[in-house]
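K.L.:
quick one: sequence and predicted model below, then my questions.
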Amino acid sequence: MKILNQDETRRISDKVLSLCKADECVVTINGARTGNVRYARNAVSTAGLVEDTQLSVSVAFGKKQGTASINEFDDKSLEKVVRRAEDLARLAPENPEFMPTPDKQAFRASSTFSEKTAAIDPEYRAQVAAYSIEQSRKNKLVAAGFFTDRTSFETVANSRGVFGYQQQTGVDFTCTVRTEDGRGSGWVRRDANDVARFDPRAASDIAIEKALRSVDAKALEPGRYTVILEPAASSDLMAYMFFDFDARSADEGRSFLSKKGGKNRLGDKLFDEQVNIWADPWDKDVPVLPWDSQNLLARERMDLIKDGKVANMNYSQYWAKKQGKRAVGQPGNIIMAGGSKSTEELIAGTKKGILVTRTWYIRMVDPQSVLLTGLTRDGTFYIENGKIKHPIKNFRFNESPVTMLNNIDELGRPEVLSGDESPFQMLIPSIRVRDFNFTSLSDAV
Amino acid sequence: MERRAFLNFGGLALGGLLLPPFGRAIAAEELLKPADVRFKKMLADTAMGAATQAGASYCDVRIGRYLNQFITTRDLNVENVTNTESAGVGVRVIANGAYGFAATNDMSPDGVAGAARQAVAIAKANAKLQSETVQLAPTPGVGEVSWNTPYTKDWRTVPIKEKAEMLIAGNKAGMEGGASFMQSLLFQVNQQKYFASTDGSYIDQDLHRLWMPFVATAVDKASGKFRSRNGLSTPVGMGYEYLDGRKEDKLKAAGGVTTLYRKSYDLIEDARAAGKQAKAKLTAKSVEPGKYDLVLSPEHMWLTIHESVGHPTELDRVLGYEANYAGTSFVTLDKWQSKKFKYGSDLVNIVADKTEPGSLGAVGYDDEGVKCKRWDIIKDGVLVNYQATRDQAHIIGEKESHGCSYADSWSSVQFQRMPNVSLKPGAKKLTPDEMIKDVKKGIYIVGDGSFSIDQQRYNFQFGGQLFYEIKDGKITRQLEDVAYQANTQEFWNACSAMCDERDWRMGGSFFDGKGQPSQVSVVSHGSSTTRFNGINVINTARKIG
């Protein structure tokens, strides 16, 4: 189905709302056209285009809720999906924590759409793959990568007059280049809302260069080191921490933001004062929808960490009401203030340290301290006197992002990226951190 | 492996798992009406005809209807009940020696014929970039056959009220046991999968799976400490009868520290124990780091097997197809060719098996129409085989596929996924209590915890749910802050004992991620309680701010 425009989605949502006999009704219409090309062993393995549009209807009779969705849009189907949601709501047990859908509110549009991205065609995708493959072949390397582009829209509406429509675009690219003998591996990630800001040649060249430089890695003893974490290396660590910015968990005593005696740590200085992190749906580099699709509340610019202090937490509508707070839309992006230096300039200012391209397989070990484990991968280098001296073998780390953000030496220039395992659009700087805790060596290349 | 969806889903500490692509929701009364098999055959023939006419040398068609229900609860409240349905057709072809794939939810003859023609066009375009042509291992057509997951109680017929009451009763028991908070879920899956190919197969399968995880969390507000214990159920390939909690399926863990479960599960009993044990964690002794003999229960072992044997022996990873995402593998072809690569000690025998009753991976036929079977991967400690699909079999000199092809939706292309990979029980009679008698300094670990392994599967770190100190042959007390680190080959070569078949049981993953775009798969791993000597244990306690 084609990307629906605002008038079309308004007509559908109005029709659905008029059909609904429940006390409350929320309508969400999502559609996306997603193209991709995947390659490995220096050849394209899959390429495709997926188009899908879905209509979701959530209704409530009192405190009993039901949700149904469908991907057909004729009048009969619209009637059917409403009745299904109503049937489920009647079957569902009452939820004492049910909160009514929000009243009519304004959503200030954010710049999430790029014509150029929406115009990406199979030839462009093939070219992205072809460049990595050709350059890798020339250098006797083996490329594997994935490029995907997405054009989508979302409409939200409810029976209290809320209505929002916006289009989004984005591209994501990852590429791993390995030496033919498997002794070297390099990687790059690039994400952008506007494809004009994506250079596939420059991106592939980074992975190629890292692969060539990473051959014959030497072993360093595990221990605490000064590290430069490229944005892709620190973003998932930080995303884990922000999953725990839920006020209810903190108030209930089951979060690193809980305080002895049953309070939370709002306002406490938990991080180095250089740390300033906020969410802003209208940021020009990482714009996201101005509403929270889960609860239809408008998003706001919101400080999360200000001068090292916990500045805000996320309140569900239920918890906000219980605690006398105001619920707003939950953040869709994470923006961290940085400096003006490139990663290369941070390296130049490092006497002894380790450059980490990427972190991998990060898992929570202890939620009490947000202790995470994971590994370095695809480009780990030893720095001495401002220069990369040689590649080193990969490490496993056991480190908390809270500790990491207390040990900041210097911040570099922020870069746009999407986390591998997080839902956030991010703008994160390279960070030089003291005493990063590597606990064992990995033989993986 | 992606985890964002699952993390968003109530914050359960069940990382590495991904919610399935739940599709459009349906009313409960529609769940029990399967699509007519004659209609599916007609659609499949239409697609295959269109593909062949467009120039395909091979075509397979998967017609899928995926029905799911999930119920989420928190403490004494039901948070959500959702029924979903997704239905459509995926067509894979080979044309000019290359694959093409297209999918549609337009289940009309014109719709599937269009998808078939599109798949052929994609194959022809891909052929220009192909470095080697696709070679499919021969798979004789089986005609019109059917297979279904054996079950006695259909989850679709159990009233939602009954299920919700069970979950709430579990939460109540956990809180009575000592938990401050409880979260529990019930996932239920029915996949109606129809496969047809130009080899002459028309295979109709009806698959049932379910999983009931929970997390019990104990909080000590005075100290600000909190600890949790996850449920010890396993996701299964069976019906609602798994939740009957039959007496004969219960067994006591070593030292009687908790109750464990075989083919059925008692939520109430486990939740109550979890509440108590989560509370006990608040005051348990923090482990001294060092070398320990580890006695690992099957509820824990499944994940170690999954990460350190299951994934590295996937042939697509070995060849480099996952290099950009899930990674490659240390188990390179030369190691297999040498016929003497010592993966583990002589005790270690690992089999791949897509026929084990009750397992998540059990199906009659895979998503390439290959009849499922069992084969050796590690025999007496030596690597003897991999996991392969039809287009990989020739690479390891096999004449037929292992039947390891799977797609998580009708709209996803099928590719190599892990079968059930299990550690065979020990040949000598041995119980967990008898095993522990030989341990001077050790730790007994029950349940799976955090897990992480490098991209070639050498270096790993695992946590767990329950940790007990073993001193001079006896379990002494509960421990906390335990994780062990090892290198895969060294770890499996440190395997020193395993219990016999009386102790053998399965754990598994409902949402194992791989591929780009990422897909999820289901898989079980069985073992008996197993001992590994001299493994490095670290203390994970940290202080912040």
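P.N.:
That came through, no problem.

K.L.:
need the helices for the chain, in chain order.
P.N.:
If you meant another chain, say so; for now it's chain A. A:6-19, A:75-91, A:115-118, A:122-138, A:200-213, A:231-243, A:247-252, A:317-323, A:343-348, A:401-404 (DSSP state H).

K.L.:
oops, wrong one, chain B.
P.N.:
For chain B, the helices defined by DSSP H cover B:4-8, B:37-54, B:109-127, B:160-177, B:267-281, B:298-305, B:315-319, B:333-338, B:432-437, B:488-493.

K.L.:
who touches the second one?
P.N.:
Helix B:37-54 is contacted from outside by B:59, B:61, B:63, B:89, B:91, B:93, B:95, B:107, B:109, B:112-117, B:119-121, B:144, B:146, B:194, B:196-198, B:202, B:204, using C-beta atoms under 8 Å, 6 or more residues apart in numbering or on different chains. Where you see a C-beta, it was placed from the backbone N, CA and C, and this is true even at glycine.

K.L.:
tell me, what residue is most central in chain A?
P.N.:
Nearest residue to the geometric centre of chain A (C-alpha atoms, centre = their mean): residue A:424, 2.7 Å.

K.L.:
my guess is that one meets residue A:333, correct?
P.N.:
Yes - applying C-beta atoms under 8 Å, one finds residue A:424 in contact with residue A:333, separated by 5.7 Å.

K.L.:
ok now do residue A:267, which residues does it touch?
P.N.:
By C-beta under 8 Å, 6+ apart, residue A:267 lies in contact with A:309-311.

K.L.:
will you turn the residues you listed into CSV that also has distance to chain B, neighbour count and pLDDT?
P.N.:
Shown next, in CSV, are the contacts of residue A:267 (distance: C-beta to the nearest C-beta, whole Å; neighbours: other C-beta atoms under 10 Å in any protein chain shown; pLDDT from 0 to 100):
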residue, distance to chain B, neighbour count, pLDDT
A:309, 11, 17, 98
A:310, 10, 21, 98
A:311, 15, 16, 98
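
K.L.:
low-confidence ranges in the chain?
P.N.:
Since no chain was named, I'll use chain A. Residues of chain A meeting the criterion pLDDT under 70: A:1, A:419.

K.L.:
right idea, wrong chain: chain B
P.N.:
Within chain B, the set of residues satisfying pLDDT under 70 comprises B:1-33.

K.L.:
quick one, which of the helices of chain A is nearest to residue B:140?
P.N.:
Among these, helix A:122-138 comes nearest to residue B:140, with 36.3 Å by C-beta to C-beta.

K.L.:
quick one: distance of that closest one to the chain centre.
P.N.:
From the chain centre to the centre of helix A:122-138 is a distance of 26 Å (C-alpha atoms, centre = their mean, to the nearest Å).

K.L.:
next, the angle from it to helix B:109-127.
P.N.:
For helix A:122-138 against helix B:109-127, the angle by axes from the mean of the first three to the mean of the last three C-alpha atoms, to 10 degrees is 30 degrees.

K.L.:
what sits against the residue lying closest to residue B:489 once chain neighbours are set aside?
P.N.:
Excluding the flanking residues, the one nearest residue B:489 by C-beta to C-beta, 6 or more residues apart in numbering or on different chains is residue B:343, at 6.4 Å. Listed by C-beta under 8 Å, 6+ apart, the contact partners of residue B:343 are B:309, B:331, B:378, B:381-383, B:489, B:492-493.

K.L.:
and which of these is nearest residue B:319?
P.N.:
The closest of the contacts of residue B:343 to residue B:319 turns out to be residue B:331 (C-beta to C-beta; 11.2 Å).

K.L.:
isn't that closest one right up against residue B:314?
P.N.:
No - proximity of residue B:331 to residue B:314 does not meet the contact threshold set by C-beta under 8 Å, at 9.0 Å.

K.L.:
out of the helices of chain B, which one sits most buried?
P.N.:
Greatest average neighbour count among the helices of chain B goes to helix B:298-305 (a mean of 27), per mean count of other C-beta atoms under 10 Å in any protein chain shown.

K.L.:
which strands and helices lie in contact with that helix?
P.N.:
Judged by 3 or more C-beta pairs under 8 Å, 6 or more residues apart in numbering or on different chains; DSSP states H and E, the packing partners of helix B:298-305 are strand B:420-423, strand B:441-446, strand B:459-462, strand B:505-514, strand B:519-527.

K.L.:
I'd like those strands as JSON lines, with mean neighbour count and distance to chain A appended.
P.N.:
Shown next, in JSON lines, are the helices and strands packed on helix B:298-305 (neighbours: other C-beta atoms under 10 Å in any protein chain shown; distance: least, C-beta to the nearest C-beta, whole Å):
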{"stretch": "strand B:420-423", "mean neighbour count": "27", "distance to chain A": "19"}
{"stretch": "strand B:441-446", "mean neighbour count": "24", "distance to chain A": "14"}
{"stretch": "strand B:459-462", "mean neighbour count": "26", "distance to chain A": "4"}
{"stretch": "strand B:505-514", "mean neighbour count": "24", "distance to chain A": "10"}
{"stretch": "strand B:519-527", "mean neighbour count": "25", "distance to chain A": "12"}
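
K.L.:
check the gap between residue B:132 and residue A:280 for me.
P.N.:
To residue A:280, residue B:132 is 49 Å away according to C-beta to C-beta, to the nearest Å.

K.L.:
neighbour-wise, which of the two wins?
P.N.:
Each of residue B:132 and residue A:280 has its neighbours counted (other C-beta atoms under 10 Å in any protein chain shown); residue A:280 has more, 22 against 10.

K.L.:
list the contacts for residue A:208?
P.N.:
By C-beta under 8 Å, 6+ apart, the neighbours of residue A:208 are A:132, A:135-136, A:139, A:141, A:177, A:186.

K.L.:
at 7 Å instead, please
P.N.:
By C-beta atoms under 7 Å, 6 or more residues apart in numbering or on different chains, the residues touching residue A:208 are A:135-136, A:139, A:141, A:177, A:186.

K.L.:
could you do residue B:323 as well?
P.N.:
Applying C-beta under 7 Å, 6+ apart to residue B:323 gives the contacts A:40, A:144, A:176, A:178.

K.L.:
now the helices of chain B in CSV, with distance to residue B:292?
P.N.:
Listed next are the helices of chain B as CSV, based on distance: least, C-beta to C-beta, whole Å:
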stretch, distance to residue B:292
helix B:4-8, 31
helix B:37-54, 55
helix B:109-127, 52
helix B:160-177, 28
helix B:267-281, 19
helix B:298-305, 14
helix B:315-319, 31
helix B:333-338, 29
helix B:432-437, 12
helix B:488-493, 13
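
K.L.:
closest to residue B:73 out of those?
P.N.:
helix B:160-177 (4.5 Å).

K.L.:
does any part of the closest one sit near chain A?
P.N.:
Yes - using C-beta under 7 Å from any C-beta of the partner chain, we find that helix B:160-177 touches chain A at B:160, B:164.

K.L.:
tell me the helices and strands packed up against that helix.
P.N.:
Judged by 3 or more C-beta pairs under 7 Å, 6 or more residues apart in numbering or on different chains; DSSP states H and E, helix B:160-177 is in contact with strand B:58-74, strand B:77-95, strand B:181-197, helix B:267-281.
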